[in-house]
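> kindly generate the corresponding structure for this input.
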Amino acid sequence: MSSRDTTPSSAVSQEAALLRRILDALPYPIFWKGRELRYLGCNVAFAKVAGLEHPDAVVGLTDFDLPWRKEDSDFYRECDRRVLETGAPLGELEEPLRDSEGRQRWSQTSKVPLRDEQGAVRGVLGILVDITERRGIQEQLQVAVAASEVANGMLKAEMAERAAMERALATSELRLRTVVRGAQMVIWALDARGTFTFSDGGGLAALGLKPGQVVGQSVFDVYGGAPEILEDTHRALTGESFTGGAEVAGIHYETRYTPVYDEAGGLVGTIGIATDVTERMRYHELLEEELERTREQLLQVERLATLGTLAAGVGHELRNISTVLNSLRGSFTECAQRGVALDAEELEELRWACEHVATHGRHLMDLGRPGQAKVERLDLRELVSGTLAMLHTAGIIRHVKVSSSAPESPVWVEASRTRVEQVLLNLVGNAADAVESVRDRLAEVRVRVFQDEREGFASCCVEDTGVGIPEASLASIFEPWFTTKPPGRGTGLGLPVVRTILQECGGDLSVESQVGKGSVFTFRLPTVAPPV
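Next up is the predicted model:
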């Protein structure tokens, strides 16, 4: 028969071949069995799960011939018999599945009866959706892909004796089309020019389309107002196989593009399979909102922990100042009783005490005030200098040699002042703790601010000569609740919170450390233009 043969048998054969390719392109395993519960066929996805080289290899096998566990095979067959006996479908049935590599999986299986021309049940059709990940993350996603009503005659070709080629191909075409219509997705095929040659699937109704309605039209005309779809189509028509995403009529789709080649290896088009992931997107948005609330809570927890540390040091300092004030009060009272002028040095001492009380109070109020996440333009040099003064006032670095260096000109960044202060308080406080037990070398903390104008980032290095961090712990220091400090000395939230703050500002945090020599924590923030 020539390649130009246009007989009905040839046309049916071509359409059946296209439907077979579409069925094999589906990511969901599909199978069908006879009344004896022997497999009559499957698609490529099912053959891969069963460890078979080709879908035809499954024909004639039973579940006991496949790499399932016996108890799982018994369960599958019990469900199959229920469909055969009742003639009613089983929808969204969760079944265990051990694949050809021995991995335990879970599938959500829809099983429907297959009937002959007289309506008698002759077999079972099943479509599997892998829900292992969903079960593992406690219903994170709800992917609803089920087979709807399957048209009569699905099993004609397998159950009847071999008939004429035209009848066999027509029956096969009907079976494949029924599978496509039953799947709640949109499936289409394009030729090399981008013209629709096939359009089907249960998801078309949501778009207001009927099967085959766009066949013969150009995808560039139908979706001219959807640049995401056109961009993905251009990629697909170059032979690229990939998964993309787009939004149409308020529905979010995840689309798998698969190239189609002829026998000579030439690209003749592409097949697209779009799945509605609107519910998944909504769940992700809810999850992101919950994560954001959790991040805010962790920020406040760590901030309050830092506040407690500072308050302890400031409280000690305030007690010293109160001693000075009490002494001055007694002296001023005596001068008033004697009618003599106040001593100039004592007045200066009073001014010093008042200024220090005000400074300590301002530091505690700034650090403890919640919700201070206002973004403003800041000179990183001034911020570092003020934070070091706060730490010195609180006594955290009073007994540690701390040096700092910065450029002569301002280093402008755009961030929340209190949050960057929290970053510096944490990093410098950790450095001070790290050098506390050092006895064989100078216990020192060095803070350096510099600017990389070419990269557009301002950096701050906090370097210590402390005990260092073991290499085995470096990979875990940014995990919540992990700490290398002794019990009672750390919450394990400081560094995770610091990294979250920097990432939200468009920056990052890196660390280098060597046991017995010390550590260097470097954070970066994008620079901005000077204020006008």
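
> please read off the pLDDT at the residue nearest the centre of the chain from the model.
Residue closest to the mean C-alpha point of the chain, counted by CA atoms, centre = their mean, is His284 at 8.5 Å. His284 carries a pLDDT value of 72.

> likewise Phe198?
Phe198 carries a pLDDT score of 85 in this model.

> circling back: three-state assignment of the residue nearest to the centre of the chain?
Here His284 is recorded as helix under DSSP: H, G, I helix; E, B strand; the rest coil.

> list the contacts of it.
By CB atoms under 8 Å, 6 or more residues apart in numbering, the contact list for His284 is empty. Where C-beta positions appear, they are placed from N, C-alpha and C, glycine not excepted.

> roughly how far apart are it and Phe196?
Going from His284 to Phe196 by CB to CB, to the nearest Å gives 31 Å.

> got it, and Leu66?
37 Å.

> ok, which stretches of the stretch 301-450 of the chain are strands?
Taking DSSP state E, counting those that start in this stretch, the strands of the stretch 301-450 of the chain run over residues 375-379, 401-405, 412-416, 444-452.

> quick check: buried residues in the first one?
Yep, that's strand 375-379 we're talking about. Within strand 375-379, the residues scored as buried using 16 or more other CB atoms under 10 Å are Leu378, Asp379.

> each with direction, which strands does it pair with?
Its sheet considered, strand 375-379 pairs with strand 412-416 (antiparallel) by DSSP bridges.

> would you map the helices across the stretch 351-500 of the chain?
All helices of the stretch 351-500 of the chain, identified by DSSP state H, counting those that start in this stretch, fall at 380-393, 417-434, 471-474, 494-504.

> could you find the closest non-adjacent residue to Thr465?
Of all residues not flanking Thr465 in the chain, Gly518 sits nearest, at 4.5 Å (CB to CB, 6 or more residues apart in numbering).

> burial count for that neighbour?
Gly518 sits with 24 neighbouring residues when counted by other CB atoms under 10 Å.

> tell me the contacts of it?
Contacts of Gly518 were listed using CB under 8 Å, 6+ apart, and they are Ala434, Val435, Glu463, Asp464, Thr465, Gly466, Val467, Gly468.

> among these, who's most crowded?
Among the contacts of Gly518, Asp464 has the most neighbours (other CB under 10 Å), with 28 neighbours.

> skipping adjacent residues, who's closest to that residue in space?
Nearest non-adjacent residue to Asp464, counting by CB to CB, 6+ apart: Ala431, 3.8 Å away.

> before we move on, the earlier item: which among the contacts of Gly518 gets closest to Lys70?
Proximity of the contacts of Gly518 to Lys70 (CB to CB) peaks at Gly468, which lies at 55.4 Å.

> pretty sure that closest one contacts Ser519?
Yes - contact status for Gly468 versus Ser519: in contact at 5.9 Å, counting by CB atoms under 8 Å.

> quick check: neighbours shared by those two?
In contact with both Gly468 and Ser519: Ala434, Ser513, using CB under 8 Å, 6+ apart.

> returning to what we had before: so which of the helices of the stretch 351-500 of the chain comes closest to Leu207?
Nearest to Leu207, of all these, is helix 494-504, at 37.9 Å by CB to CB.

> now the closest one, how far from the centre of its chain.
Here the centre of mass of C-alpha atoms in helix 494-504, compared against the chain's by CA atoms, centre = their mean, to the nearest Å, lies 18 Å away.

> returning to that earlier point: okay, the strands of the stretch 301-450 of the chain, which one's buried deepest?
Each of those was scored by mean neighbour count; the highest is strand 412-416, a mean of 20, by mean count of other CB atoms under 10 Å.

> residues contacting it, please?
The contact list for strand 412-416, computed with CB under 8 Å, 6+ apart, reads 372-380, 420, 458, 505, 525-531.

> what of stretch 224-239?
For stretch 224-239, the surrounding residues in contact (CB under 8 Å, 6+ apart) are 190, 192, 194, 219-220, 223, 242, 244-248, 255, 257, 259, 267, 269-270, 272.

> now, which of the residues you listed lie within strands?
Taking DSSP state E as the definition of strands, those contribute 190, 242, 244-248, 255, 257, 259, 267, 269-270, 272.

> residue contacts, Gly212?
Phe198, Ser199, Asp200.

> of those - the most surrounded one?
When neighbours are counted by other CB under 10 Å, Asp200 leads the contacts of Gly212 with 25 neighbours.

> that one is in contact with Pro211, isn't it?
Yes - in this structure Asp200 lies within contact range of Pro211 using CB under 8 Å: 4.4 Å.

> ok so, going back, out of the helices of the stretch 351-500 of the chain, which gets nearest to Pro29?
helix 494-504 (39.4 Å).

> before we move on, back to that, among the contacts of Gly518, which two are most distant?
Greatest spatial distance among the contacts of Gly518 (CB to CB): Glu463 and Val467, at 13.7 Å.

> any idea how many residues pack against Lys517?
Per other CB under 10 Å, the neighbour tally for Lys517 reads 12.

> could you report the pLDDT at it?
Note for Lys517: predicted pLDDT of 87.

> contacts only, for it.
Neighbour list for Lys517: Thr465, Gly468 [criterion: CB under 8 Å, 6+ apart].

> any regions of the stretch 101-250 of the chain where pLDDT drops low?
The stretch 101-250 of the chain contains residues with pLDDT under 70 at 102, 134-184.

> let's see it at 50
For the stretch 101-250 of the chain, the stretches flagged by pLDDT under 50 are 138-155, 157, 161-162, 164, 168.

> now the end-to-end length of stretch 41-50.
One end of stretch 41-50 sits 12 Å from the other (CA to CA, to the nearest Å).

> for the stretch 1-150 of the chain, which segments count as helices?
Listed in chain order, the helices of the stretch 1-150 of the chain (DSSP H, counting those that start in this stretch) span 8-25, 44-49, 70-86, 132-136.

> what about the second one, average pLDDT?
What it means is helix 44-49. For helix 44-49, the per-residue pLDDT averages 90.

> show residues contacting that helix.
Under CB under 8 Å, 6+ apart, the answer for helix 44-49 is 24-31, 53-55, 57-58, 97, 99-100, 128.

> give the buried residues for it.
Residues Val44, Ala45, Phe46, Ala47, Val49 are the ones in helix 44-49 that count as buried (16+ other CB under 10 Å).
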